[in-house]
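Q: Output the structure for:
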Amino acid sequence: MARSLNLLIFTSLLLGFSAQADWNELPWVETSTLSPQKIDLIIDGRTVRTDIRAILHGDSDVYLRAVDMLSAGLPIDLDGQVQVDGYPFLPLRSINGYRISLSKGALTLVSTQATKPNSPQTPEFAPFQGPRKSIPLGSRDVDSVKLRLILNQQDAERELTLLQHLDRWLISRDDLLALELPLPELAPLVIDGTLYLEIDNLWPYKVAIDPQWSLLSIDTRARPNTEQAEETWVELQVNESQQPRLVKVFADDEQQFLLDETTFAESKLQTPEAQSSSPDLYAIDDLNNVIPVFDSKRQALALYARSDAFIPSELSGNEDYLVEPDFSQRGALLNYALFSSHTDEKDQVSGQFEMGAFWGRGFLSSQHLIRNITDDDRENIRLETNLRVDWPEKMRSLIIGDTLNEGGAWGRPTRFGGLRWGTNFSTQPGFITFPTQLITGESVVPSTVDIFIDNSRRASSSIEPGAFTINEVPTVTGAGEMRIVTRDLFGRESVVTRPFYASSQLLKPGLHDYSYELGVIRNNFTRESNDYATDFASGTHRYGFSHWYTGEVRAELSSEVNSIGTAATVVWPAVAEFNFALAGSRDADSLSGTLTSVGVRRQARQFSFGARGTWRSRHFQQLGTSPESELDAFESTGFASVGMGKYGGLSLSHIQRRKRNEADNEFATLQYSLSLPYNAHFSLSYLEPLDDVLERSASASISIPLGRSTSITSNARRQASTSRYRTQLRKNLPAGNGFGYQLAHEDGNSDRIEAGVNWRNPISHIQVQSSHLDTQTEYRTAVDGGVAFFGSRPYLTQRLNQSFALVEVPDLPDASIYRDNQLLARTNASGKAIVPGLRDYQRNRIRLGDTKLPLDIQVASLEQIAVPAYRQGVKIRFSIKKARWVGFRLLDNSGNPAPSGTQFLNPATGEKSQTGIAGQAYIESPPGDHEMQAWWQDTFCRFRLNVPAASEPLPDLGDITCL
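A: Got it, this is the predicted structure:
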């Protein structure tokens, strides 16, 4: 009871002695008359406190701090209180019932009353039962944490034990008293017999705690005095990780530091919001998440910052997807493909041709098919003619002419002539359209983050201290597991694992994908040139509403049928994706119909499954179908597959089509595949008909590689009562130029023998095949190639189905040109070559082979990057110069070979080199007389080189003596 009364009185004391006077109104003692001392307090023969602060005023008055008197259990009388250095002190003469004596650093009090004063120890509390990881606090636990004390930004070289309860930090009353700090206003907590108080209540002092660095900072000083701050230099280091660097700071008389904005930025720290009275200077104290520690002996300032003190960083696992293609070239191309067949009964020759031109953002193309070229009844059919214009920076394209419309989730792609405008993500192939994984974290020191998808590392990023976000993490579609490994500068590692499900059918939140078409539907493609029929307009628009939901609307308008519908893709995280579609139509006879579709799909390494069903009412019609035709009333597909590791994989599929006026189709297929040693592969397949149309069948196949591109395959198939066996030996064409062949024999109801050879060269691709069936033999030949035009100059090349490059190596014939390390061309007599097969809107590495370059040729760079637009050509020029190299043997003035490694220099050209074994040396030098310098160890000499104007690439000048 007495102790509670004392605490209540002391709380009143800290609140400003409201019954007496405000702290600011307390009398002040003339400091010149004070004599502070450190003494021990002894009460009734027992040492209660050691090294407490006492103030001697004159010869007789002794003052003690109010907190020390209260902790010692002495009665407090507020009369006569004074304030010294901001602390309330009380005179001992106001204490009754004690004899007081002061001698040899000890203040002794002996009670003259029968009862003893209250003990500073709390009586009858449960004793502490040995060391524990946590200490009970009521019904909850608190953690005991040892922290290094930083007092006024100086290392106090002592540790304090604090307790952490939820978000509260508790410090023992004894530690506060030992630090001569005021006790907080709130009542203390009793934990296992010890008084603890919340350290956050040490107002107006600034308290900061950083458990990661095991630091407790208490600063009792006022804010920095910017008017007295002077410029100084300190060695600054952040979180013991950055290299210490010398920086300019400003410090006041109490060594409180202010930094400018540049220093904060260079340290990757956020600039404090509160600004000092001095422009462009900020006090470190204004950062609540940074603890400064100053070593005055070393003039070193160490900053210990939490992660939220740093400037947040945002990285991307797909940073380089944005490309800028080359739109500066103009040119044209011509593609051809000739086909011929010969049998005992008939010969036939056909051809397909394409003419194209490119300029700026556009590519214009026209394709034609000519049948029966050698006959009088040959046919010339125009296939497609269109102009495509791309805006890759916006990922949009415009097509004018023949093309296909976008079908969406429930429509049918329809060929038409007209306009098509919409998004085209293929103009930025690296752009990921579906939601990717977002990784967030934090670090207090530089770290490395490795991202593993299904145990395969997909990305690695170096991160600066602070909070970080990694966007666009490359993932695989379907279900998977992501493992994020963070390793900091000190080797500490943390691992976070989480499952995910990625679907390419989703769009990123906020991303639009649309296509709008207007034109005339084209019929009888490949049979008629200009069979255009029905006017129409259509549009499909998809939008990513969230990471798990993408919606779609589609409308089709024509004179024959109008339809409108919606669709959605929904992903259940880490489980599967679900697809829904609903549409309605109305034809010219005012007959209406509906379409409903529902699907589910899960794709994973071990187990995948999917199913989709579509129901159509009798009168449902859509663009691209004939009004007289009736669509299937119902169709469904389903599959399930199981991966069994080294035991192979098993899959089951089911397809059903329920027609209105024809027999239904339904069958199931079971397949098994197994990888064998040496990259061999075995598979089994079984088809079970569930209708009266198909027949039961089974097949088995084994493929054995015989090299990098050669394999032998054997297949056996049984259907109804018929068996067929086929064996094939095949060599595939290499990625560049080269040969391939195929030999096959098939045995069943009849024997069939096939043979063929392929040859791809820099200007064409030639295929020759022969097949013999019973008594009939057929020969087939196919030749295709292309011509590229830059200016008025034609260049023969392979068929140009993709973009291409004109490579120029001035006056260097027969130079090897590589695309992505594949040899594709050699320069002609003028040093030019066409490199086909470049990827549109992607970085293609074009390299000049250096193994056969002449010795006197120097190339500025052996590799260049080409980024062509859609089916356009680009120019690449390798800058070369002829270098004149000479060889000689350098001798010292005694006639001995100069030591190996002797440095020598041509001051006129700046060329520098060194000798090899036995003084042999080479240097690039133009013809003429050159004065050279050489040096080794402590020797320096000069010599002259007389380089002749000879035509040989590497003349030998013989022995040259150093003068």
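Q: Could you list the domains of the chain?
A: Following the assignment in automatic domain parsing, the chain carries domains at 2-111, 138-219, 230-305, 326-393+724-882, 435-502, 885-961.
Q: Wait, residue 291 touches residue 213, no?
A: Yes. Residue 291 is within contact range of residue 213, at 7.2 Å (criterion: CB atoms under 8 Å). Every C-beta, even on glycine, is put in place using the N, C-alpha and C of the backbone.
Q: So for the two, which residue has more residues nearby?
A: Set residue 291 next to residue 213 and count neighbours by other CB atoms under 10 Å: residue 291 wins out with 24 against 18.
Q: Quick one: residues contacting residue 825.
A: When contacts are counted by CB atoms under 8 Å, 6 or more residues apart in numbering, residue 825 touches 762, 797, 807, 817, 833-835.
Q: ok, for residue 670, nearest residue in space, not its chain neighbours?
A: residue 686 (4.7 Å; CB to CB, 6 or more residues apart in numbering).
Q: Packing partners of the helix or strand in which the one you found is found?
A: Assigned by DSSP states H and E, residue 686 belongs to strand 681-689. The contact analysis (3 or more CB pairs under 8 Å, 6 or more residues apart in numbering; DSSP states H and E) places strand 681-689 against strand 665-675, strand 697-705.
Q: what inclination does the first one have with respect to strand 681-689?
A: Computed with axes from the mean of the first three to the mean of the last three CA atoms, to 10 degrees, the direction of strand 665-675 lies at 170 degrees from that of strand 681-689.
Q: neighbours of the residue nearest to residue 670, just the number please.
A: Look at residue 686: counted by other CB under 10 Å, it has 16 neighbours.
Q: For beta bridges, what are the partners of it?
A: Applying DSSP bridges to residue 686 gives these bridge partners: residue 670, residue 698.
Q: Make sure it is actually in contact with residue 653.
A: No. At 11.2 Å, residue 686 and residue 653 do not qualify as touching, with contact defined as CB under 8 Å.
Q: burial measure for residue 510, as a count.
A: For residue 510, the count of nearby residues is 9 (other CB under 10 Å).
Q: And it, how far from residue 577?
A: The gap separating residue 510 from residue 577 is 20 Å, by CB to CB, to the nearest Å.
Q: ok so, going back, so can I have CSV of the helices and strands packed on strand 681-689 showing mean neighbour count?
A: Shown next, in CSV, are the helices and strands packed on strand 681-689 (neighbours: other CB atoms under 10 Å):
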stretch, mean neighbour count
strand 665-675, 16
strand 697-705, 15
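Q: Which among those is found nearest to residue 536?
A: strand 665-675 (30.1 Å; CB to CB).
Q: now the closest one, how far from the centre of its chain.
A: 39 Å (CA atoms, centre = their mean, to the nearest Å).
Q: I would like the residues contacting it, please.
A: Strand 665-675 is contacted by residues 646-657, 659, 681-691, 693-694 when judged by CB under 8 Å, 6+ apart.
Q: Mind giving me the PyMOL select for the residues you listed, buried ones only?
A: Entered in PyMOL, the line below selects the buried ones among the contacts of strand 665-675, by 16 or more other CB atoms under 10 Å:
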select buried, resi 648+649+650+651+653+654+656+657+681+683+685+686+687
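Q: Now for residue 212: which residues touch it?
A: Contacts of residue 212 by CB under 8 Å, 6+ apart are 306, 444.
Q: does it sit in a helix or strand, and which one?
A: Here residue 212 sits in a region with no helix or strand, counting by DSSP H and E.
Q: And it, what's its pLDDT?
A: Reported pLDDT at residue 212 in the predicted model: 81.
Q: what's the answer for the one 5 residues further on, then?
A: At residue 217 the predicted local confidence, pLDDT, stands at 88.
Q: Name the SS class of it, please.
A: What DSSP: H, G, I helix; E, B strand; the rest coil gives for residue 217 is strand.
Q: How confident was the prediction at the residue nearest to residue 596 when sequence neighbours are not counted?
A: Leaving aside its sequence neighbours, residue 596 sits nearest to residue 615 (CB to CB, 6+ apart; 4.8 Å). On pLDDT, residue 615 comes in at 95.
Q: Residue 615 is in what secondary structure piece?
A: Using DSSP H and E, residue 615 sits in strand 607-616.
Q: Give the next helix or strand downstream of that strand.
A: Per DSSP H and E, strand 607-616 leads on to strand 634-643 as the next helix or strand towards the C-terminus.
Q: Give the pairing partners of that next one; include direction for each.
A: strand 607-616 (antiparallel), strand 649-658 (antiparallel).
Q: residue boundaries of the strands in the stretch 151-300 of the chain?
A: In the stretch 151-300 of the chain, the strands defined using DSSP state E, counting those that start in this stretch lie at 154-165, 168-172, 189-191, 194-198, 206-210, 215-219, 230-238, 245-251, 257-260, 281-283, 290-295, 300-305.
Q: in the second one, what counts as buried?
A: Of the residues in strand 168-172, 169-172 count as buried by neighbour count, 16+ other CB under 10 Å.
Q: what does the longest one give?
A: Within strand 154-165, the residues that qualify as buried by neighbour count (16+ other CB under 10 Å) are 160, 162-165.
Q: Repeat that for the last one.
A: Under the neighbour-count criterion of 16+ other CB under 10 Å, strand 300-305 has 301-305 buried.
Q: Adding distance to residue 735 and pLDDT as columns, could you present the residues you listed in a markdown table?
A: Shown next, in a markdown table, are the buried residues of strand 300-305 (distance: CB to CB, whole Å; pLDDT from 0 to 100):
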| residue | distance to residue 735 | pLDDT |
| --- | --- | --- |
| 301 | 60 | 89 |
| 302 | 57 | 89 |
| 303 | 55 | 89 |
| 304 | 56 | 89 |
| 305 | 53 | 86 |
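Q: Take those residues and write them to a markdown table, including distance to residue 400.
A: Putting the buried residues of strand 300-305 into a markdown table (distance: CB to CB, whole Å) gives the following:
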| residue | distance to residue 400 |
| --- | --- |
| 301 | 67 |
| 302 | 67 |
| 303 | 63 |
| 304 | 65 |
| 305 | 59 |
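Q: Of all pairs in these, which one spans the longest distance?
A: Pairwise across the buried residues of strand 300-305, and taking CB to CB, the largest span is found between 301 and 305, at 12.5 Å.
Q: Low-confidence bits of the stretch 501-650 of the chain, can you list those?
A: Filtered on pLDDT under 70, the stretch 501-650 of the chain yields the residue ranges 627-628.
Q: doesn't residue 621 make contact with residue 594?
A: No. Assessed by CB under 8 Å, residue 594 is found out of contact with residue 621, at 11.0 Å.
Q: shared neighbours of these two, anything?
A: Common neighbours of residue 594 and residue 621 (CB under 8 Å, 6+ apart) are residue 585.
Q: In terms of neighbours, single out the busier of the two.
A: Shown here are residue 594 and residue 621; by other CB under 10 Å, residue 621 has more neighbours (26 against 15).
Q: which residue packs closest to that one, ignoring adjacent ones?
A: Distances taken as CB to CB, 6+ apart put residue 561 closest to residue 621, at 4.4 Å, once the chain neighbours are dropped.
Q: That neighbour and residue 662, how far apart?
A: 22 Å.
Q: And those two? Which one has more around it.
A: Between residue 561 and residue 662, residue 561 has the larger neighbour count (other CB under 10 Å), namely 24 against 11.
Q: can you tell me which residues contact the more buried one?
A: Counting by CB under 8 Å, 6+ apart, the residues that residue 561 touches are 585-588, 621-623, 625, 627.
Q: any idea how far residue 614 is from it?
A: The value you get for residue 561 to residue 614, if CB to CB is used, is 18 Å.
Q: likewise residue 697?
A: Using CB to CB, residue 697 is found at 27 Å from residue 614.
Q: same thing with residue 239?
A: Distance from residue 239 to residue 614, by CB to CB: 60 Å.
Q: These two - which one has more neighbours?
A: residue 239 (25 against 18).
Q: Which neighbouring elements make contact with the helix or strand harbouring residue 421?
A: Under the criterion of DSSP H and E, residue 421 resides in strand 415-423. Secondary-structure packing of strand 415-423 (3+ CB pairs under 8 Å, 6+ apart): strand 396-404, strand 512-522, strand 532-544.
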